[in-house]
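**Q** what's the 3D shape of this:
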Amino acid sequence: MERSRRNRIFHGVNVLVLGIVALVTVFPIYYVFVISFTETSEYLSKTIVLFPEHWSLESYRYLLSNPSMIRSVGVSAFLAVVGTLCSLVVTASLAYALSRKRLLGRRVALMLILFTILFSPGIIPNYMLVRSLGLIDNIWSLILPVLSSGWYVVLMKGFFENIPESLDEAAAIDGCNEVTAWFRIVLPLSMPAIAAFGLFYAVEYWNSYFSALLYMNDYQKWPIQVLLQNMLAENPLAEADPLLQPPPAEMLKMAAVVIATIPILCVYPFLQKHFAKGVMVGSVKG
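**A** Okay, the predicted model is just below:
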C-alpha cells in the first residue's frame, strides 16, 4: 500500500510537471496565432489578448497584398520543392550505390563522405566557392552547396543495406539494368526513408536563412525567413502600398510568423505514416 501511494504521488507530480512544461511550450504559439487574428482596435485597447472578441484578417490582407511577401513565399516554396527533390535524388542514389558491396571504390568513397561530416570548410571558403561559380544573387546558391548531407547519406545507406541484394540479382535475371532496378524495385520499397528525409530536407530549405543572408543581396530574391527577420528588426516591407493603413507592427510580425510556419505543419500529416518508420532507418540491422 505504501508503494502504491508513492507511485500515485510520483505519477501526479509527473503529470503536473509535464503539464506546466506543455503549457509553457504551447502558450507562445497560441499567443502568436491569436494576435495575428485580432482586430487592431482591440489589440491597442488591451494590455494582453488571450482570446479576441472579434476575429480579423486585416494583418493577413495587408501582408498578402504586398508583392514582397508573395515573392518571398514563392522563393521559399521553390526551395522547399525543387531543393528537396534534387537533394533526395542525389542522397538516395549515392546511399544506394554505397550500400552495394559490388561497387568499386566503395570504402574510399565512404571515408571521403565521413570526412565531410567531421570537417566543415567554413563560411569563407563556401562563400568564395559560390562567388567563383557566379551564383551570388542566384537562387541555386541556396540549393547546390547543400545539395546533400553526408550524415543523411550514411543513415540512408543503413536503410538500403536492409534490402537484400538478391532483389537486384532477380531483376538482372529478368533483364533490368541497375537504373531500372533502382527506380522500379528498390525505390518503392524505400518510401519510409524517402518520406522521412524528404521532410528533413523540406524543413531545412524552407527555413533557409543564413545562407540567403550571405548570398542574396537583392531583396526581391529573399526567402520568407530573411524577410521575416527584416520585419522583426523593425524594418517595413520594401513594397508596402502607401494607400493601405498597416496594422500595428507586432500584429504584422505575428501574422508573418504564422505564414512562415503553416506550410511545413500542413506537410507533416501526409508523411506521418512513413515518418515513424523512416526516422529509425539504419538503427536496426537484420
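**Q** check contacts around the nearest residue to Lys157 once chain neighbours are set aside.
**A** With Cβ to Cβ, 6 or more residues apart in numbering as the criterion, Lys157 has its nearest non-adjacent residue at 4.3 Å, and that residue is Ala95. For every residue, glycine as well, the C-beta is placed using N, CA and C. Taking Cβ atoms under 8 Å, 6 or more residues apart in numbering, we find Ala95 in contact with 152-154, 156-157, 159-160.
**Q** closest one to Ala260 out of these, please.
**A** Tyr152 (23.9 Å; Cβ to Cβ).
**Q** so which residues of the stretch 151-286 of the chain form helices?
**A** With DSSP state H, counting those that start in this stretch, the ranges of helices along the stretch 151-286 of the chain come out as 166-173, 178-181, 187-189, 191-206, 210-215, 224-232, 249-278.
**Q** for these, which one sits closest to Val49?
**A** Of all the helices of the stretch 151-286 of the chain, helix 249-278 comes closest under Cβ to Cβ, at 10.1 Å.
**Q** identify the residues contacting Glu39.
**A** 52, 54-56, 58.
**Q** around Ser87, how many other residues sit close by?
**A** 23 (other Cβ atoms under 10 Å).
**Q** kindly report the same for Leu232.
**A** 12.
**Q** so it touches Lys253, yeah?
**A** Yes - Leu232 is in contact with Lys253 according to Cβ atoms under 8 Å; the separation is 6.0 Å.
**Q** how about Asn207: what's its closest non-neighbour residue?
**A** In space, and not counting its chain neighbours, Asn207 is closest to Gln225: 5.7 Å by Cβ to Cβ, 6+ apart.
**Q** any idea how far Ser211 is from the one you found?
**A** 10 Å (Cβ to Cβ, to the nearest Å).
**Q** tell me if I'm right that Ile185 and Ala171 touch.
**A** Yes - assessed by Cβ under 8 Å, Ile185 is found in contact with Ala171 at 5.5 Å.
**Q** dump the contacts of Ala95 to TSV, plus distance to Val81 and pLDDT.
**A** Shown next, in TSV, are the contacts of Ala95 (distance: Cβ to Cβ, whole Å; pLDDT from 0 to 100):
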residue	distance to Val81	pLDDT
Tyr152	18	88
Val153	21	89
Val154	25	87
Met156	20	86
Lys157	25	86
Phe159	23	82
Phe160	24	83
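**Q** show me which pair in those is furthest apart.
**A** Spatial extent of the contacts of Ala95 (Cβ to Cβ) is set by the pair Tyr152 and Phe160 at 12.4 Å.
**Q** tell me how this protein divides into domains.
**A** Using automatic domain parsing, the domain parsing of the chain gives 2-58, 59-278.
**Q** out of these, deepest packed?
**A** Most buried of the domains of the chain, by mean neighbour count (mean count of other Cβ atoms under 10 Å): domain 59-278, with a mean of 16.
**Q** so where does the residue lying closest to Pro246 once chain neighbours are set aside fall, helix or strand?
**A** In space, and not counting its chain neighbours, Pro246 is closest to Tyr62: 5.7 Å by Cβ to Cβ, 6+ apart. Assigned by DSSP states H and E, Tyr62 belongs to helix 58-64.
**Q** which elements pack onto that helix?
**A** With contacts defined as 3 or more Cβ pairs under 8 Å, 6 or more residues apart in numbering; DSSP states H and E, the packing partners of helix 58-64 are helix 249-278.
**Q** quick one: what helix or strand has Val26 in it?
**A** Val26 belongs to helix 2-36 when assigned by DSSP H and E.
**Q** and the next helix-or-strand element following that helix, what does it pack onto?
**A** Downstream of helix 2-36, the next assigned helix or strand under DSSP H and E is helix 40-45. Judged by 3+ Cβ pairs under 8 Å, 6+ apart, helix 40-45 is in contact with helix 249-278.
**Q** what packs against the helix it packs on?
**A** For helix 249-278, the packing partners by 3+ Cβ pairs under 8 Å, 6+ apart come out as helix 2-36, helix 40-45, helix 58-64, helix 67-78, helix 191-206, helix 224-232.
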